[in-house]
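[1] pasting the structure only:
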């Protein structure tokens, strides 16, 4: 009997390399090798989750308990900064939790930071690191951590979130299927309990672009870029990060094989922006691309 340790040399039957020639001919379309995506985390959509079903959604039950306040882009920066300073002054009470969030990504390592301010209480800071996620995921996770901290305080009746990623905040109340649904469901569950405590409990979301350099947000931004962690263990790759890297690779290939080559023909028309620079291929991360194009729809089509 052979006492040597058994080695399993069997390959993954789902990889492209294991297909027979007949199977390759039958298969059509773009095939992704499972080995390449073996570390990927793929989203599990739950459209019938309790927090998203009609009659149980916060937008149905507590529609007057949450609000969004966007920056008026026509106003000068100093006026917007003054509005945020006034917001802090008017809510200087122990019943209000002021949460300022931010996130940054460096060398594929994301840092999510939340500062929780409350009168007569020490400043609470939450800092989390992870790898291979998008900035949108990191921003939403920072809000999730801040909201968790505020909801766990018994004397808080008002939560104010100040962020430079207001579009991430709006995803919390998006009941359609999206890749960040797990974060949305977790936040909504917390808010559901928070709103049920008292009819006076509420949450507000305020936009604070980084360009304003508002003092509280500058502190959070500094903390998000202060740490330089070194990963020890291998990390999973989020679904959105996979899509981002694939889209970036497609754009790079397009630039190499088409834009910089002579294969586009003599009658090919390059589109120029207002500064007479060539408009390059891009993607809008699942949004309405005509709205993000920035030029006339007739020119685009």
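    Yes, it's here. Keep in mind that what you see is a predicted model, and the values were worked out from it rather than measured. Residues are numbered from 1 along each chain as shown.
[2] can you pull out the strands in this structure?
    66-69, 96-106, 109-117, 124-131, 158-163, 202-207 (DSSP state E).
[3] need these in a markdown table (columns: mean pLDDT).
    Output for those, formatted as a markdown table (pLDDT from 0 to 100):
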| stretch | mean pLDDT |
| --- | --- |
| strand 66-69 | 96 |
| strand 96-106 | 95 |
| strand 109-117 | 94 |
| strand 124-131 | 91 |
| strand 158-163 | 98 |
| strand 202-207 | 97 |
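[4] distance to residue 213 and mean neighbour count added to those, as JSON lines?
    Heads up, the C-betas are built off the backbone N, CA and C, glycines and all. Shown next, in JSON lines, are the strands of the chain (distance: least, CB to CB, whole Å; neighbours: other CB atoms under 10 Å):
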{"stretch": "strand 66-69", "distance to residue 213": "19", "mean neighbour count": "15"}
{"stretch": "strand 96-106", "distance to residue 213": "12", "mean neighbour count": "24"}
{"stretch": "strand 109-117", "distance to residue 213": "16", "mean neighbour count": "24"}
{"stretch": "strand 124-131", "distance to residue 213": "20", "mean neighbour count": "16"}
{"stretch": "strand 158-163", "distance to residue 213": "13", "mean neighbour count": "23"}
{"stretch": "strand 202-207", "distance to residue 213": "14", "mean neighbour count": "20"}
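[5] export the ones you listed to JSON lines and tack on distance to residue 138?
    Rendered in JSON lines, the data for the strands of the chain read as follows (distance: least, CB to CB, whole Å):
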{"stretch": "strand 66-69", "distance to residue 138": "20"}
{"stretch": "strand 96-106", "distance to residue 138": "4"}
{"stretch": "strand 109-117", "distance to residue 138": "4"}
{"stretch": "strand 124-131", "distance to residue 138": "8"}
{"stretch": "strand 158-163", "distance to residue 138": "12"}
{"stretch": "strand 202-207", "distance to residue 138": "17"}
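[6] shaky segments in the protein?
    Applying pLDDT under 70 to the chain flags the ranges 1-50, 52, 177-178, 231-241, 257-271, 278-301.
[7] now with 90, please.
    Across the chain, residues meeting the criterion (pLDDT under 90) sit at 1-60, 73, 106-109, 120, 129-135, 154, 173-186, 226-301.
[8] next, the contact list for residue 205, please.
    66-69, 161, 163, 166, 169-170 (CB atoms under 8 Å, 6 or more residues apart in numbering).
[9] between the strands of the chain, which one is closest to residue 275.
    strand 202-207 (27.2 Å; CB to CB).
[10] and that closest one with strand 96-106, angle?
    Using axes from the mean of the first three to the mean of the last three CA atoms, to 10 degrees, the direction of strand 202-207 lies 40 degrees away from that of strand 96-106.
[11] many thanks, we can stop here.
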